[in-house]
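>>> build me a structure from this.
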Amino acid sequence: MDDAGGRRFADLHCHTSYSFDSLSRPAAVARAAAARGLTHLAITDHERIDGALVARASAPPGLAIIVGQEVRTRGGDLIGLFLSQPVAPGLPAVEAAREIHAQGGLVGLPHPFDRWRASGGRRNGAAEWQELLALVDYVEGHNARLMIGDGNERAMALAREHGLPTVAVSDAHTLMEVGVAYTSFDAPIDTAEQLRAALPGGELQAGRGSRLLRAGMPVVKGIQWLRGNRRIAATTVDR
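All right, here's what the predicted structure looks like:
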């Protein structure tokens, strides 16, 4: 799953229509990623992994789908990669991170300083925030959907302060956004262990999303609400 020169190109945060806030079908997302030259794509739908499994089953040759999830914890969002089952929403952030690791997965800290979206343990006390950072495998140093303020710059500073690797991600909720930002690697990243080892050498490709597309999110959420695809509450995920 790499190009002729041995490089891998990975977008580690992307959503499909299995999320409550996207209309992009998993197979179409996979095709878009392959067409744009990505070799690896993490599907990280909110509170579920079934869209990622559908994408993996329909992925074009040359594209590896990483099964992931964006999970809402009591302290905000976390990313889990290489999951075998969904992590229940509503857990304390530290507990959710430990559950991701128990599955053999990686813990990502998404958009930690986005003023509109809470991340990780920032809603909790300083002690839990520090405990969480000790469990984090990488920080989203560049999130293409963070277009207002200095959140990406602050995320990079946080990662430097704590010695954590960074990635660039699209956080795509539409087909147009897939792969607009990504991270390239010179080493294999087909397993959690390989990706963890490769993260410090990743090269961030920091593109930007569309403000117009992000402004349309209430419409997308409304369509999904009418379809019955609403955000999964903490009490409704099978453990």
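
>>> residues near the residue nearest to E70 when sequence neighbours are not counted, how many?
With Cβ to Cβ, 6 or more residues apart in numbering as the criterion, E70 has its nearest non-adjacent residue at 4.6 Å, and that residue is T44. Where you see a C-beta, it was placed from the backbone N, CA and C, and this is true even at glycine. By the criterion of other Cβ atoms under 10 Å, T44 has 33 neighbours.

>>> and A233, by the same measure?
Residues lying near A233 (other Cβ under 10 Å) number 11.

>>> not counting sequence-adjacent ones, nearest residue to it?
P89 (7.2 Å).

>>> ok, the one you found touching G75?
No. Shown here, P89 and G75 do not form a contact pair, counting by Cβ atoms under 8 Å, at 11.8 Å.

>>> right, and R31 touches P61 too?
No. Using Cβ under 8 Å, R31 and P61 do not qualify as a contacting pair, with a distance of 11.5 Å.

>>> which of the two has more neighbours?
Remark: of R31 and P61, R31 carries more neighbours, 18 against 6, as counted by other Cβ under 10 Å.

>>> contacts only, for the more buried one.
R31 makes contact with P60, according to Cβ atoms under 8 Å, 6 or more residues apart in numbering.

>>> is it in a helix, a strand, or coil?
In terms of secondary structure, R31 is helix; the call rests on DSSP: H, G, I helix; E, B strand; the rest coil.

>>> tell me where the chain has strands.
8-14, 40-43, 64-73, 76-81, 106-109, 138-143, 166-169, 182-185, 203-205 (DSSP state E).

>>> got these as JSON lines, with mean pLDDT columns?
Output for the strands of the chain, formatted as JSON lines (pLDDT from 0 to 100):
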{"stretch": "strand 8-14", "mean pLDDT": "98"}
{"stretch": "strand 40-43", "mean pLDDT": "98"}
{"stretch": "strand 64-73", "mean pLDDT": "97"}
{"stretch": "strand 76-81", "mean pLDDT": "96"}
{"stretch": "strand 106-109", "mean pLDDT": "98"}
{"stretch": "strand 138-143", "mean pLDDT": "97"}
{"stretch": "strand 166-169", "mean pLDDT": "98"}
{"stretch": "strand 182-185", "mean pLDDT": "98"}
{"stretch": "strand 203-205", "mean pLDDT": "97"}
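
>>> so, low pLDDT: which residues of this structure?
Across the chain, the stretches falling below the confidence threshold (pLDDT under 70) are 1-5, 118, 120-124, 210-216, 235-239.

>>> can we see that at 50?
Counting by pLDDT under 50, the chain has low-confidence residues at 1, 4, 236-239.
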